[in-house]
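In: Sequence plus the predicted model coming up.
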Amino acid sequence: MFLSSAIRRQPEFRQGVRDMSTVAMGIGAWGLMTGVAMLKSGMSVFESVAMTLLVYAGSSQLAAIPLLMAGAPAWVILATGFCVNLRFVVFSLHLRPYLMHMPRWRRITHGYLTADMSYALFTRKYAQPPRTRAEEQAQEAYLTGNYCVTWCAWMSMSLLGIVLANMIPQSWGLGFAGVLSLVAIVCSMATTRLRLLAVLIASATAVAAYALPLKLNIVAAIGVAVLACFWLEKQFGLDVDAEDDK
């Protein structure tokens, strides 16, 4: 069993649960809004539940829903989802030395369950990969505690949003609540000059390219920000994690 009693007994697991619980309400609000958005966009209950359980990526879901309903080409939907979730490639590269001692199936499970906030809290607490067996167990327990709260909050509230979609009026402003949740996540992770610059470049590009059809301004914004920051990092030696270690 993945969530073994050995992991649950670790004090780091309980600490991970406590730390993530402080933002669980925001994650739940975002999940509730996503569940409502899927059903109100015209998706069936079965499609909405399947997307919630299989995709588990709120920003990607919200980006893909209007494209699916508009009948956009498959390559546009896939490209949008890929670009929106491109940050997880960076997360995976960063977490690789922390998780490489595990069997492949455990690494895949951690990769599926680790979300933005669990990654942010984990890397903030553990600046260096584990060097001993005890550190390996402690770090895995903390990460597991983080994303147990994230997964439960997201799934429960997304499914609740699907069930209650027709009972929740648009006037509640859940869409704005979801935007605020995303802004909070971005702000919590913009901890270096390079990350802040990436936010500014992506924001400016998204506004400048707003007229593009099928929300391709999102794809353009992510692509421009990633390429620009890679170039700046190479030319000027800016380190994305330099200020995190201070």
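Out: Here it is on my side, so go on.

In: number of nearby residues for Gly28?
Out: 22 (other CB atoms under 10 Å). Every C-beta, even on glycine, is put in place using the N, C-alpha and C of the backbone.

In: Can you spell out which helices and strands pack onto the strand or helix carrying Thr205?
Out: Using DSSP states H and E, Thr205 sits in helix 193-208. Applying 3 or more CB pairs under 8 Å, 6 or more residues apart in numbering; DSSP states H and E, one finds that helix 193-208 makes contact with helix 216-236.

In: mind listing what's buried in the helix it packs on?
Out: For helix 216-236, the neighbour count (16 or more other CB atoms under 10 Å) marks Leu216, Asn217, Ile218, Val219, Ala220, Ala221, Ile222, Val224, Ala225, Val226, Cys229, Leu232 as buried.

In: I'd like to know how far the residue nearest to Ile201 when sequence neighbours are not counted sits from Trp75.
Out: Distance criterion CB to CB, 6 or more residues apart in numbering; nearest residue to Ile201, sequence neighbours excluded, is Ala225 at 4.4 Å. Note on Ala225: its distance to Trp75, by CB to CB, to the nearest Å, is 21 Å.

In: Same question for Thr114.
Out: Distance of Thr114 to Trp75, computed by CB to CB: 27 Å.

In: Can you tell me how far the most centrally placed residue in the chain is from Arg87?
Out: Residue closest to the average C-alpha location in the chain (CA atoms, centre = their mean): Asp116, at 3.7 Å. Computed as CB to CB, the Asp116 to Arg87 distance reads 8 Å.

In: Please identify the longest helix in the protein, counting by residues.
Out: Determined from DSSP state H, the single longest helix within the chain is helix 133-163.

In: and the buried residues of helix 216-236 as CSV, adding pLDDT?
Out: Shown next, in CSV, are the buried residues of helix 216-236 (pLDDT from 0 to 100):
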residue, pLDDT
Leu216, 77
Asn217, 83
Ile218, 77
Val219, 77
Ala220, 85
Ala221, 86
Ile222, 80
Val224, 89
Ala225, 85
Val226, 81
Cys229, 81
Leu232, 80
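
In: Adding distance to Phe46, write the residues you listed out as TSV.
Out: Converted to TSV, those look like this (distance: CB to CB, whole Å):
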residue	distance to Phe46
Leu216	29
Asn217	31
Ile218	27
Val219	28
Ala220	33
Ala221	32
Ile222	30
Val224	37
Ala225	36
Val226	35
Cys229	40
Leu232	45
